[in-house]
Structures are given as C-alpha cells and as structure tokens.
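**Q** I would like the atomic coordinates for the input below:
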Amino acid sequence: MAHRREDSNPFADEDLNPYSKPGNFPSQNSRLKPLSHEPVDYNRDATVEIPLDSSKDLRKKEMELQAKENELKRREEDLKRREDALARAGIVIEEKNWPPIYPIIHHDIENEIPVHLQKLQYVAFTTYLGLVLCLVWNLFSVTAAWIKGEGVMIWLLAIIYIISGVPGAYVCWYRPLYRAMRTDSALKFGWFFLTYVFHISFCCLATIAPPMFFKGNSLTGILPAVDLFRSSTLVGALYFVGCVFFAIESMLSIWVIQQVYMYFRGTGKAAEMKREAARSMAAAL
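**A** Residues are numbered from 1 along each chain as shown. Alright, predicted model coming up:
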C-alpha cells in the first residue's frame with residue numbers, strides 16, 4: 001500500500017501559495033496602496049443662527065390668544081345674561097327654522113303648541129299654505145289670460161295680490177294665532193278673529209270674483225271662468241281650477257275660525273278679553 005506523503009506546510013505548494021518561493025515575493029512598490037481618505041468639508045467657521053426673540057414671539061402670541069379667549073368668554077356671558085333677562089321678561093327669541101331649505105320664519109308646532117291644539121294649528125297652517133297655492137295659481141292663470149289678450153292690468157293686479165297676500169296673511173292672522181295657541185293670550189286671539197274674518201271674506205269673494213270688486217279678470221272666480229271659457233277653453237279651465245281652490249280654501253278657513261272660537265269660549269278667554277279691554281279703556285280715561 002502506498003503511503004501518502006504528509007506535508008508539514010500545506011501552503012508550500014506553488015499552486016496554493018505562489019509566494020512560497022523566494023523569488024516570488026512582490027516588490028515593495030507593487031504592494032496595494034491604502035485608499036485615500038475623501039476630505040470632509042467641515043466648515044468650522046459657519047455659525048448657526050438661533051433667533052434670540054423666538055421665546056418672546058411665542059410668549060406674545062400666547063398672550064394674544066389668551067386675550068381673544070377671554071374676550072369670547074366675556075361675550076358669551078353677556079349674551080347669556082341678555083337671554084336670561086329676555087326670558088324673565090317673557091320675550092322668547094325665535095330661531096328661524098322653516099322652510100328647511102331656506103329658513104325665513106320660526107315654526108315648531110310639535111314642540112311649542114299644546115298637544116290638544118296641535119291638530120287645529122296644523123289645519124290653520126294648511127289654510128295659510130292653501131292661500132299661497134291659490135294666489136300662485138291665480139298668477140299663473142292670469143298670465144295665461146294676459147297672453148291671450150286680456151290686457152296687462154289684470155297681470156299687475158295678480159302680482160299685487162301675491163306680493164301683499166302671502167306675507168300679509170302670515171303677519172296679520174297666522175302668526176297671531178300661533179302665538180295665541182302657544183301663550184294662551186286672549187288679546188292675541190281677539191286680533192286673530194278680527195283679521196281672519198277679512199281673510200275669509202277675500203277667499204269667498206275670490207271664489208265668485210264679481211266685477212264690481214275686482215278689475216276685469218284679475219282673480220280666478222266662477223264669473224271670469226265662465227266669461228273666458230267662451231273665448232279660450234284652456235284659460236277658462238285654468239280659471240275653473242282656481243275657483244275650486246278658492247272655494248276649498250274658504251270652507252277650510254270657516255271651519256278653522258269655528259273651532260278656534262269654540263276653544264276660545266270654552267276656556268273662558270272671551271270673558272278674560274272683555275275684562276282686559278275694560279281695564280285698558282279705564283286706564284286710557
């Protein structure tokens with residue numbers, strides 16, 4: 001059996017260590033040179049500017065914010081004192097909440113009107129909306145009649161009816177009834193009766209629209225409807241519809257004033273109103 005020769009120095013092999021022979025050592029010039037260090041740009045003369053007034057500015061802004069906060073608190077307390085004073089005096093601040101799209105009036109039957117009067121108040125509000133519908137339809141019908149050659153005067157009168165009637169009805173009779181139902185005031189009930197009678201009279205007259213009260217065909221009553229039906233079937237039909245609207249409005253309004261009067265008499269508000277009127281007359285004398 002052949003014995004493998006054991007080498008004392010395994011790196012003595014030329015293939016493994018080329019520098020094992022004396023003449024194979026690299027020269028000093030051929031040695032690897034160390035990598036040169038890249039210079040780092042330290043600008044020792046550069047100064048960092050730290051604003052000395054930063055703490056003063058922060059303190060100043062903090063004081064300004066504190067002053068604004070104190071001013072807001074003072075205004076809130078002042079507003080609260082005024083609201084409390086108005087509430088003690090019986091003056092209620094009404095927030096506009098109707099119609100929901102563009103609030104222009106305050107209206108909250110569910111939360112402000114007693115439960116046993118809410119149905120009556122809703123019907124009264126329906127008569128107000130019904131009057132708005134009647135006047136809008138009246139303007140539409142009169143516009144059609146004007147186009148058919150009835151003259152511009154009736155159209156101008158229809159404009160006057162709607163401009164004065166819609167806000168006038170709210171101010172004159174619906175808002176007094178709403179406040180009378182809410183506060184149970186006898187004087188407000190009396191004002192409602194006085195103005196609502198004029199409302200019913202107007203609706204009844206508009207249903208007929210006699211020429212002695214109204215100029216030409218400015219209202220969609222039964223008489224103008226018959227007259228216009230002969231010349232234009234379409235305009236006559238529009239006037240007939242307007243006549244029906246005014247008739248329904250008249251019947252609902254009569255029912256409302258009857259119900260309000262029955263409640264007014266049943267609660268003794270009539271006698272209270274007489275006493276208040278007598279005291280007012282005595283004070284005036």
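**Q** shaky segments in the stretch 51-200 of the chain?
**A** Where the stretch 51-200 of the chain drops to pLDDT under 70, the residues are 51-54, 86-92.
**Q** hmm, 90 instead?
**A** Applying pLDDT under 90 to the stretch 51-200 of the chain flags residues 51-97, 99-104, 106, 111, 149-151, 183-187.
**Q** give me the element the residue lying closest to residue 103 once chain neighbours are set aside is part of.
**A** Spatial nearest neighbour of residue 103, chain neighbours left out: residue 96 (4.1 Å); criterion: CB to CB, 6 or more residues apart in numbering. Every C-beta, even on glycine, is put in place using the N, C-alpha and C of the backbone. Following DSSP states H and E, there is no helix or strand that holds residue 96.
**Q** What does residue 96 show for phi and psi?
**A** phi -70, psi 130 (degrees, to the nearest 10).
**Q** That one is in contact with residue 106, isn't it?
**A** Yes: using CB atoms under 8 Å, residue 96 is in contact with residue 106, at 5.6 Å.
**Q** Those two: which is more packed in?
**A** residue 106 (15 against 11; other CB atoms under 10 Å).
**Q** Residue 106 reaches residue 98, doesn't it?
**A** Yes: contact criterion CB under 8 Å: residue 106 and residue 98 qualify, at 7.2 Å.
**Q** about what we covered before: who's in contact with the residue nearest to residue 103?
**A** 103, 104, 105, 106 (CB atoms under 8 Å, 6 or more residues apart in numbering).
**Q** May I see the residues you listed arranged in a markdown table, with distance to residue 183 and secondary structure as well?
**A** Below are the contacts of residue 96 laid out as a markdown table (distance: CB to CB, whole Å; DSSP: H, G, I helix; E, B strand; the rest coil):
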| residue | distance to residue 183 | secondary structure |
| --- | --- | --- |
| 103 | 22 | coil |
| 104 | 22 | coil |
| 105 | 17 | strand |
| 106 | 14 | coil |
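**Q** Now the two most distant members of those.
**A** Using CB to CB, these reach their maximum pairwise distance at 104 and 106, which is 9.3 Å.
**Q** any shared contact partners between the two?
**A** 96, 98.
**Q** So which residues of the stretch 1-150 of the chain form helices?
**A** Here the stretch 1-150 of the chain has its helices, by DSSP state H, counting those that start in this stretch, at 54-88, 109-112, 115-145.
**Q** what about the longest one, distance to the chain center?
**A** I take that to be helix 54-88. In terms of CA atoms, centre = their mean, to the nearest Å, the centre of helix 54-88 is set 28 Å apart from its chain centre.
**Q** One more: the last one?
**A** A distance of 22 Å separates the C-alpha centroid of helix 115-145 from that of its chain, computed with CA atoms, centre = their mean.
**Q** Which elements pack onto it?
**A** Helix 115-145 sits against helix 109-112, helix 152-169, helix 175-183, helix 186-208, helix 233-266, with contacts defined as 3 or more CB pairs under 8 Å, 6 or more residues apart in numbering; DSSP states H and E.
**Q** Just the buried positions in that helix, please.
**A** Buried residues in helix 115-145, counted by 16 or more other CB atoms under 10 Å: 117, 120-121, 124-125, 127-128, 130-131, 134-135, 137-139, 141-145.
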